[in-house]
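**Q** Structure, please.
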Amino acid sequence: MDEKIESREISEVKKGGMNAKVFIIGLPIFIIQLVAVYFILGNIMLSRFKAHTDAENAASELKAGAHGKGEKSTGVSNFFFTVDDVIINPAGTNGQRLMLVSVGFGVATEEAKKKLSEREVLVKDIVISTLSCKKLEELNQVGYKETLKIQLSNSISAAMPDAEVNSVVFSKYIIQ
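**A** Sure, this is the predicted structure:
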């Protein structure tokens, strides 16, 4: 008779639905996992948002600085000097990842374009040096391209003040 009572109790527990232990232990674990995922994703998204905002701020500061100092900034680029198909190893990739980039430097005069073409090796070195020190995560960010354009323009202007670079454009920007 005792066996019938035990089997009846076991069948009632099985038919009765959810086990109380599963509910008591499982629910808090599920809530802890939700909170952990929320904070992890929140931090990742926040860092990406900050990087994008920093790039926009740098671009606006450069534009404001060029106009505020009374420098000649026509913004018109009638001539473009191009550096085609430069292959770069981004920082931290140990040569496992490559970047192919073609860059155009907009200048206002034919004379400035000629000065850049005379120093093409220096211009290529500046492009390679600037881009190869950047990490892959930075280079993949859409807003970071504007920061790269500003950095390239500043580097060329510092190395060749007589070149007067008005704009920088990427005709190829491939990361593999």
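**Q** how does the chain divide into domains?
**A** With automatic domain parsing as the criterion, the domains of the chain are listed as 1-73, 75-175.
**Q** pLDDT on the shortest one, on average?
**A** Going back to what we said before, that points to domain 1-73. pLDDT averaged over domain 1-73 equals 63, rounded to a whole number.
**Q** quick one on the thing from earlier: a markdown table please, covering the domains of the chain and showing mean neighbour count.
**A** Yep, even glycine has a C-beta here, placed from its N, CA and C like the rest. Compiled in a markdown table, the domains of the chain are given as follows (neighbours: other C-beta atoms under 10 Å):
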| stretch | mean neighbour count |
| --- | --- |
| domain 1-73 | 11 |
| domain 75-175 | 16 |
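**Q** Would you state the helices of the chain in chain order?
**A** Using DSSP state H, the helices found in the chain span residues 2-15, 20-68, 110-118, 120-132, 136-140, 144-159.
**Q** Quick one: residues contacting Leu148.
**A** Under the criterion of C-beta atoms under 8 Å, 6 or more residues apart in numbering, the contact list for Leu148 reads 130-131, 134, 139.
**Q** just curious, which of those is nearest to Val165?
**A** The shortest gap between Val165 and any of these belongs to Thr130, at 13.1 Å (C-beta to C-beta).
**Q** Pretty sure that closest one sits against Leu152.
**A** Yes. At 5.7 Å, Thr130 and Leu152 qualify as touching, with contact defined as C-beta atoms under 8 Å.
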